[in-house]
Each structure stands twice: as structure tokens, then as C-alpha cells.
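A.B. asks: fold the stuff below for me.
(chains A, B and C)
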Amino acid sequence: MQTIVLRSISKFYPTSGVQANDGATLCLTRGTIHAVVGENGAGKTTLMRILAGQEHPDSGSILIDDKPVVFKTPAVAGQYGIGMVHQHPLIIPDFTVEQNIVFGFEPRKINILVDEEIVRSKVVALCRELGFDLEPSAPVGSLGAGAHQQIEILRQIFRNREILILDEPTSVLAEQEIQSLFDVLRHLKARGFTILIITHKPREVLALADQITVMRHGKTVGEYDAGTVDETRLARLIMGTNLPDTTDSIDMTDTIGRSAKPEELSVQPELLNGRISARNFYTTKTLVTKTLEVDRISVRSRHSRTPQLEDVSFSICRGEVCGICALSGNGLELMEDVLGGFERPSSGNLRFCGKPYPIYPELRQPPWNPAGIAYVPSDRMRRGVCDRLSIEENFIALDRKRFFPHGFANRQVAREITQSMLEDFGVHIRAAGPIGELSGGTIQKTILARELSWPFAPLCILCDPSAGLDITSTDFLYARIAKMRARGSAIALLSSNLDEILTLSDRIIVLHRGRVAGDLQNDGNITKEKLGALMLGLGSADSSVVQGQRMSR
Amino acid sequence: MNFMNLTTILTGNALEAMTPLLFAAMGGLFTELSGALSIALEGYMMLGAFVGVVAAASLHSVGAGLCLAALASAALAWVSAKATLGLKANIFITGLGTNLLVAGLLPVLSQHFFGTKSVLSFTLPTLMHPFSCTMAAVPFLGQAFFSHSVLVYVSWLTVLAAWVVLYKTPVGRRIRACGSQPEALRDIGRKPENYQIVAAVVAGASSGVAGACLSLPLSAYVPNISSGRGWIALVAIYLGSRRPGWIMLACFIFALAEGFSNYAQGFLQVPSEFVLAIPYAASLVALILGSLSRRRQGDWKDLH
Amino acid sequence: MYRTNKMHSAERKGPRFIKARPTQMTLKSVWQRARITVLALGASILCIVVLLALFSNAFVDSLKLFFVVPFANVYFLGNMLSYAVPLMVAGLGAAFAFASHNFNLGGEGQVYAGALVATVVALKAQGQGAQNVLIVRLAALFVAGLTGGLVGGFSGMLKRRLKVDEMISSFLASSLVVFVVDYLVAGPLKDPNSNFQATKTLPSAYGFAKILPPSELSVSIFWALLLVILGKLVLDRTSFGFELKVSGANKEFARYAGINGDVYSVIPLVVSGALHALAGGVMIFSTYLKTIQGFSSGVGWDAIAVALIANNNPVALVPSALFFAYLDAGSKSAMMGSNVSTELVTIAQALVFFLITATTLPGVFGVHNWWHWGKAKAAQGRQQ
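C.D. replies: Model prediction:
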């Protein structure tokens, strides 16, 4: 039997302290489409990187046709026919399409020069066969993410790699592009290729795969034939039974107006069909004063090809959590940059508590000030901390006025305040140490501690706040968000994690190609599919139509 | 002096002066494209100038002088690049270090072997002027284009060679990929560092030849003969948007400026210090003008 | 995560002159840093010994001349300490620039220009018959600092407005300045009564008081130490210094934290230029009392080396400057006593440049940490 087996693969990353793979296995049959599914952080990408030869497992073995092999470099894996189509394609910006496709394996004439004619003919033939509409001499800089992915696929096929690994290929594609990608993959399978697709979307899996491997927390939950599972069972397998148990860790005794009984706050989100709702999560209602007003802003980013923002309007009230979601490249990043004060909208108005929003060169106030804005960036390592500074200096940096009274540093005060903020968030580290020594997860918790500590900021911009956090920390974070909301903070939650959006948001805004595709109240009737449809540009932008529908299986 | 004569003389001078700039700039282009820009071009040039004449004099052959000049500078470049990449050091500081090394080493060697730190004069076989017999008689064009030494024509071929290598060969493409997407090289099982070292060696060899081009026609080594041409080459790379053809144009403009200033010195009684300063001034002005024309309203993503 | 970092690199269009500046200039661990520093300094000393062996015709004598004579008597010792003074001041300027991740390669020209300006101001004051020496010195140094600040600020403004790389622009600008000063000293400002290419000499009363005759050492060393302490205070304890360091270390985070990064493209270069020019003026008033063509050649590069060794820590500038002053004094005494030329020190300095920014130590035969290797081998042996 023609198989490739990954057996008992374990991989631990010391720098981030994460056990990415823990005895994971995978059994791949040639000539099939095999899906590897799991939530973010389940270890799918690591396992595939090991298969592709880009990482070395700490233990375990790879067997090809029952013979153990070791992949020292990706090139060795390539010789066995394994090629990886990365989630972020390794496109060389200055080259053309055909130059990218044949990179590294250019056919030669006179042994030194590239044979352009052969290149052109082969590329054209490949494009025609797979139905890709690519112009071989076009510079890649002007093309979108979908085209980049096609180039990567062609690149692997050109290198005669018959086992293709695709890492989250649909994350940057629109709906029609996804369908045509699936057609291409089926065509390749018919030609004898083996396809491994990594994804966290169950519906896609079932549309495409012959076999499914489910992973969770670095382990393999099981391997199933596509005919034996349906979406419900698959979703259960992916999520597992670890519902967050939040009864112990929330202290809501200072909720405005009432002392909350613990049972009222225990969250039992229904995971079937992704029907989670903020109605189950919060016990207080929102107030009506507007903290943040976004009024028809447009952003023309001069350098980027990704869609700019066009005519976006919404507002967030005191004590309201507004979730904003979109597919990658549809304007969410720019939205974050605008709200974070990095990008100035070319038209439109932004108001914070009635006053103009602080965008560079006006500077935002630190989160502990009464007119401050808390901002947890999604690119935490680059934007949220400075790794040359110590931990307390990362706190000091936000509020020089307070920590440098009369121009000179007051280290003692800074240390005490930093320490207390960290304790408050449950981060037990010394404030004076260099931040470079902390693990990735701890750094994220430090940033959260800095931004979300008492006194709470009136406006809070959270971007993918729970990415990289473990379950307990995520619970703590959600409880803190609930507390801030109860205290009257307005929270903008920008995230690609739809569960998070559905759990926490009072309102949900969906962006598609830089425009508002949906502005919905999260009243328990929104499902992940509905949001996904809006994110892909399907479905009505008219929120009242969406609200009125009853979603049933 | 009528206009045609003037143009002829100026063009001819410019083409001569352009030669070392072209060699150095082409070498530097490789390092810039590989993502590890070498700012030690000045040092390589000085070394090449020294080794060029000394070797040519001892071996009685201009060709040997050129080869050894290229070899010496290439060796220095190799050591420098290996050290920088192996120690993971800051490439600009090590580039400065290379410049200082050469600046310190050459007077010491000169003193030790020749007993003086100032001008070293030799008798060398004259350089070949391949077209001067046949075509130099052509009025105006002959003097401007065909009366030069072989080095000038080789430098033009170098531009062509650089273009061919960078755009038409797999190696050149990999060097270019090294600067913009080194992961793509790792993906095919190569190390980007190796290509950066190759680029550095090319820069060394090329700049060494550039230096020899300065000293061989004079049959003498003059201390500080390069006087900033290595830095001008860097500016030329920038102004030429990293493309060989445009870099050649930039070098030509610089050479024109230099040629004109030489001419003006005799004519306009400009102090000699100012004449020496012209290359630096010209490159500063060119840098400013080039940046002005490229100016975009920077958004925050343009942060270095 | 929805944010893809790759978008940044794909979006940059057009050539930037010097791309992706390697940001790693210092190591995180103090211990590693100390090892690299010792390695660099040790290698430079070793290099000098080797060069002396190769090129000197009296090896042992020149060794003694180089390494011992600077301490031999008050004259040599004092002169050595005296040369450390401009190195400290200019080194502070270089450290300031590096701390904000700017490369000021224009030190040579700034020192030279500062020296000339100080001389000219003092000469003018002398011509006016000014009596108060202190005021004259202060005014001269102040104007010198201003000039240096302007030259540095020129590069800074080019960087801020036109994104011209300050490394190249400062180098080119300062080379121009050197030529201008050369011309002035040999031409319009030349002392007609002297055979040297130099300006008129200032009266010795204008100079700093000497504290260790017969050497050149003057009270300027105390001013330099004070300046260094002031620099440390500013960099480490004031919000200005803090913001400067942060905007140099991570521009994006600086913006996130609300620091106006544009300002810190310019101001560090202004300060750096001013300090270099001040160093030049101090050289005039403590030793030379006139501007001789090319007298300050090398101070700018020395200052960069001093700042690199000191890892931009102002207090560490003092021993670092002393080290380089020692090397310089040694080379001068060796030159006087034997046939060795002063460029040996330049070669040793080049070695320092190569090694000092290393972030990994060179492994010996592929083993980077012999201590760990030994322990691992012992553990292996015990197992078997």
C-alpha cells in the first residue's frame, strides 16, 4: 500500500514554551485528498512543516512506504516528492510570475543561462491545464493573494512534487476563488497527486476530503473517512469537550447595581453551529452614551494593494462590546491601524467622547488615564513591546509624564505600579527583568496586564487578544472584559476568531473588501456560518433582514 | 575653444573617469541586491590601486597587476563577509572596519617595502589602447569614444556582464532573491549567507579592478587616490534604482561633473581643495535631488 | 491571527537606499557583552604585537616604547590623558547617535570644523581686545557646538524630510566640511608668519589651565568627566533620553507608546554633531591653541570605536577613551623611537570594529561553549 506515515511526532518549542506536537500521527494514502483539521494552535502547521522537512521532530518517525526517512532540509523532502504551499507564499517581489514559478529549478541552455522559451512554454502549459488565469510575464507585485497562491501551487508542480501540502489555503480567498481552488485540487487528485490540506473550517473539509485527521492540543484525536462524519460530529471532535469553566474565577461582586450570583455567570456556550451569544455571557445591559464614533471614514493606503477602507461607519457606546471581523486582507488590519492611531483616514471623521480621535502626531493617552485608550495590538511582538527594554520600562514608555515627573525618572514608583498591575492580571514575574527573556505567552499577558488593568480605559481596542493564550488565561481575559464592560468601557474587539466574537460581542460588524458588510446585534441568532457568509461577501448587508431570520439546521 | 571640441574633450574625460566608478558600482550592486550592502568599496579600491601597480611593476605585466588587484580585494572581501556573517555582526560597522584596515595597512606596507608613505612611482608597460590606431583619427567621435585604454571598454562589458548574470542566469536570480525573500532560498535548500558571500567577493574583485584602473594609467600609487569614489559608487547604485543601465548613466553624470571640475580648475582658478571636494559635493547634491524626486508622503510603514 | 507580517515587506515599493538596517547592535546579556568586549580589546593588543613583530626592526624595543613608555613619566602620561579628553567628548556624541540608532559618520568633519570655528571666534575676540578669558572660551566653544549641531542637523533634516540615509549624508557632508576647512586654514585664515598650514596662534592665556606640567593635561579633563556624567544622566534618567532610546530601538513601538519619532530622527544627530565640534574646540583650548591642517584627523573614527566599545553607556566611555588614548600614545612614542608608523593603531582599531558588534562568539572548532561541552562530555562518560 502506498502510504506516508507520521508516527508519534513530538515537537516542543523552548522559546515559547509550547508543546506544538505531542505524539501526533498521520497516515496518508497516495492519490487521495487528506484534510488535517483542528483549531488554532492544535499543531497542524507544525506537523506539516515536519513532513515538509522544514522542522525536525524531537521524537517520532516518518515512514515512506514503510521505510523510515529523515528530512534534513526541505530539499530532501522535495526529492521524495513532498512540497509545501505556504499560507504566506514565498513570493519574490521583484520577479515575474514565470520567474517565481521556476525559481531554483530553471531550465538552462549552455548550462549557465536560463532558457526562457522552455520556461514560457512550460508555464503556459501548466496554467492552461489547471485553468489558472496567470500572465507569465506579469510582475507579481500587482497580483493578489489568490494569484500568489496559484503561483506557489504551480511552483510545487513544476518541481515534480506529487504530494502537495496546502496550509490554510482558503484563509485569504473569496468564495468563488475557493470553489475554483477546490476544482483544481480535484483535478490534481485525478492526475495522481496527493493533497494534504490544513484547515480549521469543517465545511470545506467535507466538501473536498477523502480522509480527515483531527488534531487537538498537539495530539491526533483520530482519523476518519469523510463519509463517516458529518459537520456536527466534526465540530464536536475539533472543539472537544473543554468548555471554559468560568464559575470560580470571576469576581463580579462590584457589578454595577447588583451583586451577581455565580450561577448566572457560568457560560455554557452552545457550540453546535457556533451559536454562542453575548446574551449568555453578560448580565448587564449597555448604556447609550457614545464613546467612539466612526463616521464614514475612508483610507487610501498609498503602498498597499489590499483593499482600503471605504465609507465605514459605526459607533460604540459606553459599556458595549463591538466585535469587528473580516477575512485577512479585507480591511481589518487597516481598521486596527486607524483605531490604533497609526493611519490617518483620508476622509471622514473619528471622534472619541466627542473630541477628535488621537491619531499620530496627536498621541493617545495611556490606558490608566481618564481619557485614555487601551490598545492591544495584534502584532504584539513588534508593536506592543520593545524587547530592548525591561518589563517596567515597557510600562513606563506609555506614560512618560507620570513616570518622569519634572523630567527625571522615578524608578521606585514605576516598579511598584508595574508590579501591582502584573499581579492584578495574575502574571507572576519580576518587573525589573528584561522582557526578552519572557516566553511569548507571558509577553502577551504582560501587554494585557498593562492595557486592561484598573483603572479601566474608557475605550479599549483589542485585536486578537486571546491568540496564543491558554484556556485559563483566556477565561481570565474574558472575565476582565466583562468587568470592563460592566464598568462602562467601550470595547472594540477586532478578531478573526468567530467564537470569541460571538461570545463577547454585543454587536458585530463584518467587513468585506473594506466596506461594512453587516452590522448585527448579537442576539443569539447569529451563527458562525452567517458571519462567514458576510465575510465572504455573500448574504445581505441589511442587518434587519439577517436579524429576523431563524437559523435552523 | 569651440563648442564641439569642448564637448569632445569633456565626453572623453568623462568616459575615462567613469571607468573606476562603473567597476565599483557593479560590484556594489551585487551586494545591495543580496541584502548585505558593502560599504567597504572604498577600501577595496585603495587596496586594488596599491596591489595593482606594485604587482604590475614586479611582474612587468599590466594584466598580472589587474588580476592580482582583483584577487587581493576579493580575498579581503571574502574574509570580511565570512567574519561578519559568522559573528552575526553589524555589516555597516564591519564595512567601516574594512575601510580602516586598508587605510592603516597600506601606509605601513608602503613604508616597509618602499621606504615612503607618499607617492610611489613605477615604470610600467603602457596600457593597451585597442582602437587608437584605427579609429582615433575620426574627428570628434574618435577622440571622445575610441581613444581610450582597454580598461574603459572592459568596464562597459562589465555592465553588460552584470546585467546578463543578474537577470539571465539562475545564480543571479538567486542573489536577487536573497535580498528580498531569503526564505525562498531556504525553501530550495540553499543558504542565503552563501550568496551574500559570493556577492561580497564579486564586489571585492570588481572594486579592486576599479582601484587598479586609477593607478595603472598613472604608473604610480598616490595615497588616497580613490578620494571618495567608493562612496560615490554607493550613491550611484541608489540613484540608478539598482539597475545596471541606470547606474551606468549615474556614473556618467558623476564623471562628467568630475571632468568638468578638472577642466575648470585650469580655467577658473578654483582652489585645489574645492576640486577634490567636487565628487563629494556632487554625490550629496545628487542624493538630495534623487530623494526629492522619489519623495512620497511617508506613511508609518516606511519606518526603517 | 489576521495580521500577516509579510504584508509589510511586500508593500514597500521603490528602493530604499540602505534596506533592512540590522538592528542587532547590542547583546541582551551583560555577560556575553563583556566577553565580546574583552575579546575585541585583547585581539587589538595582540594585533599590535604581531604588527610590531612584522614591521619593526627592533621588536623588543618597540614593544617597550609602545606599551610601557606612555606610563614612564609625567609628560607621556599627561599627554595620554590629554588625548582621552576629546575622545570622551566626541565619543559621547557618537554614543548619543548610536543610542538612537543613527549612524553619524561625519565626526571627522564636525571635530575639524568645531576646532576652526572656536579658533576663529577666539581670534576675533583677541582682536577686539577681550579681557575675560573665561567668556571668550565659553563663547568660542558655544559657537563651535552650534556649528557642529548645524552640520549634524543637516543630515538629520535630510533623513526626516527626504528619507536620505544619514550614514551616507553625514559622511559626504563632513568630507565637504573637511575640504572647506582645509582651504580656509591654508588660505584666507593662514598665519602669514608661519611656515605651517595653520591659523594664527591664540595667546596661551586663552587655554585651559594645565594641571600636570610639563604635559598638556589641563582642567578640560574634569569638564569632560562632568559632561560624561551629564550624558549618563540625560540618557538614563530623563524622559528625553528614554524616548530617544525607545524611538531608536523600535519605531513602531515608539509610535504606539505615543512618542513623536520624527523629532528623534533629528535631535540626536544635532547633539552628536555639537558634541563632536565641542571636542574639536576643547582640543584647541587644551593643547593646540591654533588650527593646523589635518591636526584632528582620526578623532572622529576613534570616537566611533570608543562608543562601540562602551556599548553606548556614557560612563563606560571613560575607560574606553583611556584605552584608545593609550594606544594612540603608544603609537606616537613608538614612532618617535623607532621606524614604526602610527597607522598600526588604525589597523588595531579596524580589528575592534570587526569584533565589537558580534552577537555570537566565534566557536573554537565548532564548540561555542566549552564549559557546557565539558559538562556534557562528563555526563556522557558517567553514563557509560
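A.B. asks: leaving out chain neighbours, which residue sits closest to A:H200?
C.D. replies: Residue nearest to A:H200 in three dimensions, not counting chain neighbours: A:E39, with 5.9 Å by C-beta to C-beta, 6 or more residues apart in numbering or on different chains. From N, CA and C alone the C-beta is placed, and that goes for glycine too.
A.B. asks: tell me which element that neighbour is part of?
C.D. replies: A:E39 belongs to no helix or strand when assigned by DSSP states H and E.
A.B. asks: and it, what pLDDT?
C.D. replies: Looking at A:E39, its pLDDT is 72.
A.B. asks: measure it to chain B for me?
C.D. replies: Distance check for A:E39 against chain B: by C-beta to the nearest C-beta, to the nearest Å, it reads 26 Å.
A.B. asks: what's the neighbour count on that residue?
C.D. replies: Residue crowding around A:E39 was assessed by other C-beta atoms under 10 Å in any protein chain shown; the count is 16.
A.B. asks: correct me if wrong: A:H86 contacts A:I153.
C.D. replies: No: A:H86 sits out of contact with A:I153 when judged by C-beta atoms under 8 Å, with a separation of 10.8 Å.
A.B. asks: helix, strand, or coil at whichever residue of the stretch 51-200 of chain C sits closest to chain A?
C.D. replies: Using C-beta to the nearest C-beta, the closest approach of the stretch 51-200 of chain C to chain A is made by C:H101 at 10.1 Å. Of the three states, C:H101 takes coil under DSSP: H, G, I helix; E, B strand; the rest coil.
A.B. asks: roughly how far apart are it and chain B?
C.D. replies: When distances are taken as C-beta to the nearest C-beta, C:H101 and chain B turn out to be 8 Å apart.
A.B. asks: spatially nearest residue to that residue (excluding sequence neighbours)?
C.D. replies: Using C-beta to C-beta, 6+ apart and skipping residues adjacent in sequence, the residue nearest C:H101 is C:G248, 3.6 Å away.
A.B. asks: give the contact list for the residue in the stretch 51-200 of chain B that chain A sits nearest to.
C.D. replies: The nearest approach of the stretch 51-200 of chain B to chain A comes at B:G189, 2.7 Å away (C-beta to the nearest C-beta). With contact taken as C-beta atoms under 8 Å, 6 or more residues apart in numbering or on different chains, B:G189 is in contact with A:T73, A:P74, A:A75, A:V76, A:G78.
A.B. asks: please enumerate the strands of the stretch 201-350 of chain A.
C.D. replies: A:211-216, A:219-225, A:290-299, A:309-317, A:321-325, A:347-352 (DSSP state E, counting those that start in this stretch).
A.B. asks: what about the closest residue to C:A209 other than its chain neighbours, how many neighbours?
C.D. replies: Nearest in space to C:A209, with sequence neighbours left out and distances taken as C-beta to C-beta, 6+ apart, is C:V219 at 5.2 Å. One way to gauge burial is a neighbour count; for C:V219, by other C-beta under 10 Å, it gives 14.
A.B. asks: and what of B:H112?
C.D. replies: The number of residues packed around B:H112, counting by other C-beta under 10 Å, is 15.
A.B. asks: hang on, the earlier thing: was I right about the residue nearest to A:H200 contacting A:K201?
C.D. replies: No: the criterion here is C-beta under 8 Å, and A:E39 misses it with A:K201 at 10.9 Å.
A.B. asks: would the longest helix seen in chain B count as contacting chain A?
C.D. replies: Identified as the longest helix of chain B according to DSSP state H is helix B:3-33. No: judged by C-beta under 8 Å from any C-beta of the partner chain, helix B:3-33 makes no contact with chain A; its nearest approach is 8.9 Å.
A.B. asks: distance of the closest residue to A:L498 other than its chain neighbours relative to A:K201?
C.D. replies: The spatial neighbour of A:L498 that comes closest, neighbours along the chain excluded (C-beta to C-beta, 6+ apart), is A:K528 at 4.7 Å. The span separating A:K528 from A:K201 equals 9 Å under the rule C-beta to C-beta, to the nearest Å.
A.B. asks: filter the contacts of B:G189 down to the ones in helices?
C.D. replies: Within the contacts of B:G189, membership in helices is found for A:P74, A:A75, A:V76, A:G78, as judged by DSSP H.
A.B. asks: ok, B:M4 - how many residues close by?
C.D. replies: Taking other C-beta under 10 Å as the definition, B:M4 ends up with a neighbour count of 10.
A.B. asks: one step back: what about the residue nearest to C:H101, how many neighbours?
C.D. replies: Here the count is done by other C-beta under 10 Å, and C:G248 has 24 residues near it.
A.B. asks: re earlier: so which of the contacts of B:G189 is the closest to chain B?
C.D. replies: For chain B, the nearest member of the contacts of B:G189 is A:A75. The distance, counting by C-beta to the nearest C-beta, is 2.7 Å.
A.B. asks: where does the residue nearest in space to the middle of chain A land on pLDDT?
C.D. replies: With distances taken as C-alpha atoms, centre = their mean, chain A has A:S496 as the residue nearest its mean C-alpha position (5.3 Å). The confidence metric pLDDT takes the value 77 at A:S496.
A.B. asks: likewise for the one 4 residues further on?
C.D. replies: Confidence per residue is given as pLDDT, and for A:E500 that number is 83.
A.B. asks: for the one 4 residues further on, same thing?
C.D. replies: Here, the pLDDT recorded for A:L504 equals 89.
A.B. asks: number of residues surrounding it?
C.D. replies: 29.
A.B. asks: need the helix or strand of the chain with the lowest average pLDDT.
C.D. replies: Just going to use chain A. helix A:262-265 (a mean of 34; mean pLDDT, DSSP states H and E).
A.B. asks: try chain C instead
C.D. replies: helix C:6-11 (a mean of 34).
A.B. asks: report all helices and strands that the helix or strand following that helix contacts.
C.D. replies: In the C-terminal direction, the helix or strand that comes right after helix C:6-11 (DSSP H and E) is helix C:30-55. Under the contact definition 3 or more C-beta pairs under 8 Å, 6 or more residues apart in numbering or on different chains; DSSP states H and E, helix C:30-55 sits against helix B:91-114, helix C:59-63, helix C:299-309, helix C:317-337, helix C:343-356.
A.B. asks: what is the mean pLDDT for helix C:30-55?
C.D. replies: Confidence over helix C:30-55 (mean pLDDT, whole number) is 87.
A.B. asks: by how many degrees do that helix and helix C:299-309 diverge?
C.D. replies: Between helix C:30-55 and helix C:299-309, the angle formed by their directions is 140 degrees, by axes from the mean of the first three to the mean of the last three C-alpha atoms, to 10 degrees.
A.B. asks: and helix C:30-55, what's buried?
C.D. replies: For helix C:30-55, the neighbour count (16 or more other C-beta atoms under 10 Å in any protein chain shown) marks C:36-37, C:40-41, C:43-45, C:47-49, C:51-52, C:55 as buried.
A.B. asks: could you do stretch A:516-534 as well?
C.D. replies: A:516-522, A:525-534.
A.B. asks: out of those residues, which sit inside strands?
C.D. replies: When DSSP state E is applied, the buried residues of stretch A:516-534 are split such that A:V516, A:A517, A:G518, A:D519, A:L520, A:Q521 fall in strands.
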